[in-house]
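J.: got a sequence here, can you build the structure:
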Amino acid sequence: MISDSIIIEEQGLRDGLQNLPRILPLKMKLDFIYRLVDSGIRRIQVTSFVHPKRVPAMADAEELCAALPQDKDVEFSALVLNNKGLERAVDAGIRYVAASISASDTHSRKNANKSLRDAQKEFREVTALARQHHLVVRGGLQCVFGCRYEGAVEEDLIYNITKYQLDCGVQEMAFADSTGMGNPFQMRRILPRLQEICGDVPITLHLHNTENKGYANVVAALETGIKQFDTAYGGLGGCPFIQGATGNIATEDTVHLLHQMGYTTGIDIQKVASISRDMQEWLGSPLPGLMHSLLM
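T.: Numbers count the residues shown, from 1 in each chain. As a prediction, the model looks like this:
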């Protein structure tokens, strides 16, 4: 059996809520955050500082951040897409930010209203401003393993943008299968090269389960040495600007798989599952994850 620790970052409060037909009340968001902390999760992306008209579910970002638990062992982070978002994060007291751009020009225009070239230019400005405020920045690339609009993404482009972001001074890198098009062969081919490029900079894999390959991709990524994954309770999530987008790999399902394989996470999946069941009841429709129903 393998004995090793895997880091899970919970994305259900950000990625998980941005594409829902209803807006989760602030009180429920905070309740879920406190319960996620109690479950043992130590990295939680709680919101994004984006324009509320484009993503109404994140309109309460400042109010949410002001009410976060004061737990020094938990990293609460937020997504920022531009200088304005970074400035809002600073004012809200967030110390960890994720700054991500798309490897697809078409998706970049739909998601951030910017060409890939302009997005890269602004990325450098955002990271420079973040350094001035002594923030920890997780860089990132979306649509790494395929784009619904452009198809396959050129691998050399992925590697070159990764080098560019590292040159901007990010402390971590995240690579997202935003469309869920990735497959295990890609994981085994691309991830070792990315690890070589990143060196000592930690890598997180952000997987969506759109084509039902998310958990196979987890296993393939583990085989390459990846030790950090983004997940969302119940399998919530999906980019509003990707055609046919569906949720992230579910926190409970991923942790259950990892524990069966002999990895440790420090996470109580029963406690996460109870959050997913409450979310499912509030939403009035089933969530895509499976373990929250099996763990009742």
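J.: drop to CA atoms for contacts and neighbour counts, all remaining ones
T.: Fine.
J.: where exactly do the strands run in the protein?
T.: 4-5, 7-10, 43-49, 75-80, 96-102, 136-142, 172-177, 203-207, 228-231, 263-264 (DSSP state E).
J.: helices and strands around the first one, which ones?
T.: With contacts defined as 3 or more Cα pairs under 8 Å, 6 or more residues apart in numbering; DSSP states H and E, the secondary structure elements packing on strand 4-5 are strand 263-264.
J.: quick one: the strands of the chain as a markdown table, columns for mean pLDDT too.
T.: Listed next are those as a markdown table, based on pLDDT from 0 to 100:
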| stretch | mean pLDDT |
| --- | --- |
| strand 4-5 | 94 |
| strand 7-10 | 98 |
| strand 43-49 | 97 |
| strand 75-80 | 97 |
| strand 96-102 | 95 |
| strand 136-142 | 97 |
| strand 172-177 | 97 |
| strand 203-207 | 98 |
| strand 228-231 | 98 |
| strand 263-264 | 98 |
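J.: quick one, which of those strands is nearest to residue 114?
T.: Minimum separation from residue 114 across these (Cα to Cα) falls at strand 96-102, 9.7 Å.
J.: got a list of contacts for the closest one?
T.: Strand 96-102 has contacts (Cα atoms under 8 Å, 6 or more residues apart in numbering) with 75-81, 86, 89, 108, 116, 119-120, 123, 126-127, 135-144.
J.: ok, now with 7 Å
T.: Contact partners of strand 96-102, identified using Cα atoms under 7 Å, 6 or more residues apart in numbering, comprise 76-81, 108, 116, 119, 135-143.
J.: that one: partners in the sheet, and parallel or antiparallel?
T.: Paired strands of strand 96-102, with direction, are strand 75-80 (parallel), strand 136-142 (parallel) (DSSP bridges).
J.: could I get these as a markdown table with distance to residue 277?
T.: Below are those laid out as a markdown table (distance: least, Cα to Cα, whole Å):
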| stretch | distance to residue 277 |
| --- | --- |
| strand 75-80 | 23 |
| strand 136-142 | 29 |
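J.: quick one, which of these is nearest to residue 65?
T.: Closest to residue 65 of the strands paired with strand 96-102, according to Cα to Cα: strand 75-80, at 8.8 Å.
J.: just how off-centre is the closest one within its chain?
T.: Mean C-alpha position of strand 75-80 versus that of the full chain (Cα atoms, centre = their mean, to the nearest Å) differs by 10 Å.
J.: quick check: buried residues in that strand?
T.: Under the neighbour-count criterion of 16 or more other Cα atoms under 10 Å, strand 75-80 has 75, 76, 77, 78, 79, 80 buried.
J.: tell me which of those is nearest to residue 263?
T.: Minimum distance to residue 263 across these is 21.5 Å, recorded for residue 75 (Cα to Cα).
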